[in-house]
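Asks: I need the structure of the sequence given here:
(chains A and B)
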Number of protein chains: 2
Amino acid sequence: MTETLTLDEARQIWPILSVSERIEAFQSMERSAADAFFRELSADERGAIVLAQTTVERLPWLRLLQPDDAADVVQSVPARERESVLGLLDEQTRHEVIALLAYAEDEAGGLMNPRFARLRPDMTVGESLRYLERQAQEKLETIYYAYVLDHEQRLLGVVSFRELFVAAREKALKDVMHTEVVSVADTMDQEAVARVMAQRDLNALPVVDDQGRMKGIVTVDDIVDVFQQAATEDIHKLGGMAALDTGYLQTGLLAMIKKRAGWLSALFLGEMLTATAMGRYEDEIAKAVVLALFVPLIISSGGNSGSQATTLVIRAMALGEVTVQDWWRIIHREAVAGLSLGLILGSIGLVRILTWQAMFHTYGEHYKQVAATVALSLVGVVTWGTLAGSMLPFVIRRLGFDPASASAPFVATLVDVSGLVIYFNVAQLILQGSLL
Amino acid sequence: MTETLTLDEARQIWPILSVSERIEAFQSMERSAADAFFRELSADERGAIVLAQTTVERLPWLRLLQPDDAADVVQSVPARERESVLGLLDEQTRHEVIALLAYAEDEAGGLMNPRFARLRPDMTVGESLRYLERQAQEKLETIYYAYVLDHEQRLLGVVSFRELFVAAREKALKDVMHTEVVSVADTMDQEAVARVMAQRDLNALPVVDDQGRMKGIVTVDDIVDVFQQAATEDIHKLGGMAALDTGYLQTGLLAMIKKRAGWLSALFLGEMLTATAMGRYEDEIAKAVVLALFVPLIISSGGNSGSQATTLVIRAMALGEVTVQDWWRIIHREAVAGLSLGLILGSIGLVRILTWQAMFHTYGEHYKQVAATVALSLVGVVTWGTLAGSMLPFVIRRLGFDPASASAPFVATLVDVSGLVIYFNVAQLILQGSLL
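Replies: Numbering: from 1, shown residues only, chains lettered A, B, ... in the order given. Have a look, this model is predicted:
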């Protein structure tokens, strides 16, 4: 890779390169292309590239970045390298970055840019425009939303550039600005910030501290990443594993196995209870082997219906459609849904056994009781699986954990054990005196 | 609900209201609050409110909307109402909406706003600013990105308002604009559009037709919804059901049961093969009932490891990290991961059986062979489950379906049947001559 790489070529091969190949590719680009490409990278990728270069080469790269992006890069490098990376920044940016690093990465404060357009309430529209024209030369996140602050930096109002631009120049800013401003606290969780922004259809949100002083601005492009990351984490958890911190192909094999082995082993230990449960019914199985044949069918039906319910509830929670207070409404809905789905599967099961019996005489003389056992168990297991799946996210959230940990495999494991108990108890009830 | 509802009150109670209560709530709001609230609603909600009002009342609501939003409302109402809703629009908007309706909802053309800021290449910066000032009074999506078009509406360049604002007024626009413009085709899928925008960190993207003529603009706030919708659909599918079209609490109970019953029944029919498979080993189970005890443990381990693998691959595909060409790299990674995970679970299983045997003498005189059967089957089933789970999304995409249909329950069902075959074959091999 000694020839010069263009921007488009770099974009194309990037996903399949290893870290060291990426740095090599980066160094083979022309300066303007490399600048543009650097802006498209994630914080981890930027950090790796900055670290791989000599101290002199590092200087210009970081200076391309806004303070919030620079803070993300500082956070992405190993702790022992942080001081030296901070040292690459100019003094103003360094101070801003250090202030940002005081916030947790997933708080509004960790997401915001402290460089926003400021105006004073006693300005006219004309003065405001001239003032913004001067500020536009600096490295502000955006000049398209300007915030009107008093002497203590408290937020008085907001005005869009467009509103200023079309207003009469001699008008007072006070009469143009909006005073009912939606703002978020600097300690608010970033997913909550993203939801406020999406629900209100806003392009920018001011972030204020507990004194009402404006500290920064979050823009809509920031929340795209927040939503994507949050969805990826939830999807990984729903798949029954710890969320990966980096992309699938970027994650080392060992790190990935670790992320998966933890939950898989925990689920395995839980699932061992099925062997214990089955052990308690060993005599029944010995007497009526036919019962064993339907075990996978019955427990998987409970698991599948539970997986549907838990997935629906977790996503609705993530989107803010459902809150903890809604559990009572949901248990009602899911009870009806679970019973209906159980009746559907029970009927299919009944038809299946009676058909096979008529065609192949598979299930012996007591086939009617066997069919009744299977059908009735399905109704019970599916109803129970649906209820358990829908309520587990609430229980987990109540315990202080992330509801997305109520993964499909977790619910399936839970329902497998209880499903077996339901099945064999129904069997004892119906088959007593015939097969058992 | 006869008293006047404020904007904040409306936002709070909104999620728990039925459709008819929503319309009532809406009508009880003051006009300015109702205006603001109307802008925050989804197309479906807007459509329902417009339809519920008399023709005279309807007029002002729709006129608040940009053509792309108005088109979404038209699409959300029943076909027989579309003409009457279109009739509420002013002539220019009606023409724009009809042009947008020609595109599929999930194409760039169905997402874009046709009202964008246009400039001519022979203007100066000063003329451009004055021209934008005039355009800013109209209902444009944004004036912050202006597109330079030739006489045939072909896209020549782009310039941000901020760049114009800080440039010398007498400069030629040609010398300020960027000519390397990232644009998307009007027929491009909206998720692909969203990915281009997120990867390039852009705030707006021009949409062009196959002649290179610019037709509209997509802004970053549009793609937030695209990503959220796409993630919700994928999550629902991964949970083993058809994606809901509306929110969980907004979806009627019957509609929801339908969405769930389809996949659940299909999975149930597939899972019936386990009963057939078990039936083939009925004699073995009768001879060695102990084998039946581990059936749930073994098949669920295969299902769980398959669920992890399929979830990872599907999300990586949705984020554009993994494409169809990568299947060979992935099969290698997953083979190693699957074998490692299988060895971990196999070891835990071995320890479990030997411990229980030492403590409770549960598994009879041939416990060593039983333990070996279970451990070896786990290695095989987990490796196979992982491979099958990682490859299923590729197979499904190859067949032309959405890879997210390779849900955790689907993979589990697939692996259950093959897992049983692996287990009983390993058992025959090891237990031949002792238990069997």
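Asks: quick check, A:T274 in a helix?
Replies: Yes. Assignment of A:T274 by DSSP: H, G, I helix; E, B strand; the rest coil places it within a helix.
Asks: Pull the contacting residues for it.
Replies: A:T274 makes contact with A:I299, A:D416, A:V417, A:L420, B:P296, B:L297, B:S300 under the criterion CB atoms under 8 Å, 6 or more residues apart in numbering or on different chains. (C-beta placed from N, C-alpha, C; glycine too.)
Asks: Dump those to TSV, plus neighbour count.
Replies: Listed next are the contacts of A:T274 as TSV, based on neighbours: other CB atoms under 10 Å in any protein chain shown:
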residue	neighbour count
A:I299	31
A:D416	30
A:V417	20
A:L420	25
B:P296	27
B:L297	25
B:S300	29
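Asks: and the residues you listed as CSV, adding distance to A:K139?
Replies: Output for those, formatted as CSV (distance: CB to CB, whole Å):
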residue, distance to A:K139
A:I299, 60
A:D416, 57
A:V417, 59
A:L420, 64
B:P296, 61
B:L297, 59
B:S300, 55
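Asks: So, low pLDDT: which residues of the stretch 1-150 of chain A?
Replies: A:1-2, A:54-59 (pLDDT under 70).
Asks: what residues does it put near chain B?
Replies: Applying CB under 8 Å from any CB of the partner chain, we find that the stretch 1-150 of chain A lies next to chain B at A:R11, A:P15, A:R39, A:E40, A:L132, A:E133, A:A136, A:Q137, A:T142, A:I143, A:Y144.
Asks: And the furthest pair within those?
Replies: A:P15 and A:E133 (40.8 Å; CB to CB).
Asks: Name all residues that make contact with A:E365.
Replies: By CB under 8 Å, 6+ apart, A:E365 has no neighbours at all.
Asks: and it, that one's in a strand?
Replies: No. The assignment for A:E365 (three-state DSSP) gives coil, which keeps it out of a strand.
Asks: A:L64 is in contact with A:A36, isn't it?
Replies: No. Taking contacts as CB atoms under 8 Å, A:L64 lies outside contact range of A:A36: 9.7 Å.
Asks: residues from the stretch 301-436 of chain A in reach of chain B?
Replies: Within the stretch 301-436 of chain A, the residues that sit near chain B (CB under 8 Å from any CB) are A:301, A:303-305, A:307-308, A:310-316, A:319, A:321-322, A:326, A:329, A:333, A:336-337, A:340-341, A:344-345, A:348-349, A:352, A:362, A:408-409, A:412-413, A:416, A:420.
Asks: Name only those of those residues that count as buried.
Replies: Among these, those classed as buried by 16 or more other CB atoms under 10 Å in any protein chain shown are A:301, A:303-305, A:307-308, A:310-316, A:319, A:321-322, A:326, A:333, A:337, A:340-341, A:344-345, A:348-349, A:352, A:362, A:408-409, A:412-413, A:416, A:420.
Asks: Could you report the neighbour count for A:G216?
Replies: A:G216: 25 surrounding residues under other CB atoms under 10 Å in any protein chain shown.
Asks: and it, what helix or strand is that in?
Replies: Take DSSP states H and E as the rule and A:G216 turns out to sit in strand A:214-219.
Asks: can you give me how far that strand is from the chain middle?
Replies: 23 Å (CA atoms, centre = their mean, to the nearest Å).
Asks: What about the contacts of A:T274, which are in helices?
Replies: Taking DSSP state H as the definition of helices, these contribute A:I299, A:D416, A:V417, A:L420, B:P296, B:L297, B:S300.
Asks: between these, which is nearest B:E83?
Replies: A:I299 (53.4 Å).
Asks: Now do the SS call for A:L155.
Replies: strand.
Asks: A:L88 too?
Replies: A:L88 ends up coil, using three-state DSSP.
Asks: Please identify the helix or strand for the closest residue in space to it that isn't next to it in sequence.
Replies: Closest residue to A:L88 in three dimensions, ignoring its sequence neighbours and counting by CB to CB, 6 or more residues apart in numbering or on different chains: A:L62, at 4.9 Å. Element membership of A:L62 [criterion: DSSP H and E] is helix A:55-63.
Asks: Can you give me the distance of A:Q229 to B:L312?
Replies: 15 Å (CB to CB, to the nearest Å).
Asks: Just to be sure, A:A146 is in a strand?
Replies: Yes. Under three-state DSSP, A:A146 falls within a strand.
Asks: What residues does it make contact with?
Replies: Per CB under 8 Å, 6+ apart, neighbours of A:A146: A:F116, A:A117, A:R118, A:L119, A:S128, A:L132, A:V158, A:V159, A:S160, A:F161, A:L164.
Asks: Look up how far chain B lies from it.
Replies: 12 Å (CB to the nearest CB, to the nearest Å).
Asks: partner residues bridging that residue?
Replies: A:A117, A:V159 (DSSP bridges).
Asks: Of the contacts of A:A146, just the buried ones, PyMOL syntax please.
Replies: Buried residues among the contacts of A:A146 (16+ other CB under 10 Å), as a PyMOL selection:
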select buried, chain A and resi 116+117+119+128+132+158+159+160+161+164
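Asks: Out of the contacts of A:A146, which comes closest to A:M177?
Replies: Nearest to A:M177 among those, with distances taken as CB to CB, is A:V159, at 4.4 Å.
Asks: one step back: and the strand holding A:G216, what's its mean pLDDT?
Replies: For strand A:214-219, the mean pLDDT works out to 94.
Asks: Show the residue spans covered by the strands in chain A.
Replies: Using DSSP state E, the strands of chain A run over A:117-119, A:145-149, A:155-160, A:184-185, A:204-208, A:214-219.
Asks: how far does the first one sit from the chain's center?
Replies: Think strand A:117-119. 33 Å.
Asks: residues in contact with that strand?
Replies: With CB under 8 Å, 6+ apart, strand A:117-119 has contacts from A:128, A:131-132, A:135, A:140, A:142-143, A:145-149, A:159, A:173.
Asks: domain assignment for chain A?
Replies: A:7-102, A:117-220, A:253-431 (automatic domain parsing).
Asks: Pipe those into CSV and attach distance to B:D44 per row.
Replies: Formatted as CSV, the domains of chain A follow (distance: least, CB to CB, whole Å):
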stretch, distance to B:D44
domain A:7-102, 35
domain A:117-220, 15
domain A:253-431, 14
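Asks: burial of the closest residue to A:V289 other than its chain neighbours, as a residue count?
Replies: In space, A:V289 comes closest to B:A286 once its chain neighbours are excluded; the distance is 4.8 Å by CB to CB, 6+ apart. Residues near B:A286, counting by other CB under 10 Å, number 15.
Asks: Many thanks, I have nothing further to ask.
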